[in-house]
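Student: heads up, no residue letters with this:
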């Protein structure tokens, strides 16, 4: 009997080790891709012309495809171990997905339209909603199947803009279009920065209505309140930020290529390059086996505050870039 128990315990230990090794392998974050090189390869393989917008569309296709095809595949909606017990990689996936949703919406609303009264592009009209299904949907339809449909429509749109005989399919690289998307990226980075900074807990003054004496809000909020991200959630926020900045890096590098003339005219290219450099720092290797949450200048590091610093600097540079694009 004791020998039988020993075999069971041994099997359970072996299963645990296998699950742990698999979880570690699946938690390896995807490598960054040179999106311009990727776009040129795609154009060559498909016999298409590398037109304006091809790199930006390709970057969105690459990022969303990576979510589905990286090691372990898409994990956020898995219901079986070990992925059901993992939280860092699903958080990373969600961050990248949110950035992808923002770009897909901007492509549908702005980049593919010449003016507010113009009609939506049919392929983007079908593609964008596919990415809005819950990231945790696992039953029919599953998140993976819907995201793949969105990717297929994006590939169709890319083919259509590359077709020189298709005058109805366009990508407009204009300063106002770019600025509109950058404003969305600002909000996303601002939110991540605030959540990361709250890892140590702060007493914050209420500045929601600052600057407008006539402003009102729906419900009363105190003049100051305690803001703190739970210790149980801070690693998820950290990896969500890693995923979001990973995706944004790809998008900005594609934008630098597609909007090169606009950026040069506004003398804003170096500003964009500085943002990319700040975001590259967010992708440095994390050597600690766990995300540490030390207080301020304490003995233990606070990885969230370091990440918040990089993101805040990138966000400030994004705001400056938006202002440059708004100038005549």
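Tutor: That came through fine. Just so we're clear, the structure is a prediction, and the values are computed from it rather than from any experiment. Numbers count the residues shown, from 1 in each chain.
Student: which SS class is residue 120?
Tutor: Three-state call for residue 120 (DSSP: H, G, I helix; E, B strand; the rest coil): coil.
Student: what about it, how many neighbours?
Tutor: 13 (other Cβ atoms under 10 Å). Every C-beta, even on glycine, is put in place using the N, C-alpha and C of the backbone.
Student: how close does it get to residue 129?
Tutor: 12 Å (Cβ to Cβ, to the nearest Å).
Student: residue 53 reaches residue 106, doesn't it?
Tutor: No. Assessed by Cβ atoms under 8 Å, residue 53 is found out of contact with residue 106, at 11.9 Å.
Student: who touches stretch 63-74?
Tutor: Applying Cβ atoms under 8 Å, 6 or more residues apart in numbering, the contact partners of stretch 63-74 are 22, 25-26, 28, 30, 33, 83, 89, 93, 96-97, 99-100, 131, 143-144, 147-148, 150-151, 154, 247, 250-251.
Student: how near is residue 29 to residue 109?
Tutor: For residue 29, the distance to residue 109 equals 30 Å [Cβ to Cβ].
Student: for residue 156, same thing?
Tutor: 18 Å.
Student: try residue 4
Tutor: 65 Å.
Student: and the two? which has more neighbours close in?
Tutor: residue 109 (16 against 8).
Student: got a list of what that one touches?
Tutor: Taking Cβ under 8 Å, 6+ apart as the test, what residue 109 contacts is 120, 180.
Student: report pLDDT for it.
Tutor: pLDDT, residue 109: 93.
Student: phi and psi next, for it.
Tutor: Phi and psi for residue 109, reported as degrees, to the nearest 10, are phi -80, psi -40.
Student: point out where this protein drops to low pLDDT.
Tutor: Across the chain, the ranges flagged by pLDDT under 70 are 1-3, 83-85, 116-117, 199-232, 294-299, 328.
Student: strands of that one, start to end?
Tutor: For the chain, the strands defined by DSSP state E cover 202-205, 224-227.
Student: quick one: residues contacting residue 176.
Tutor: Per Cβ under 8 Å, 6+ apart, neighbours of residue 176: 110, 325.
Student: how near is it to residue 6?
Tutor: Distance from residue 176 to residue 6, counting by Cβ to Cβ: 71 Å.
Student: then residue 264?
Tutor: From residue 264 across to residue 6, the span is 72 Å (Cβ to Cβ).
Student: please consider this matter closed, and thank you.
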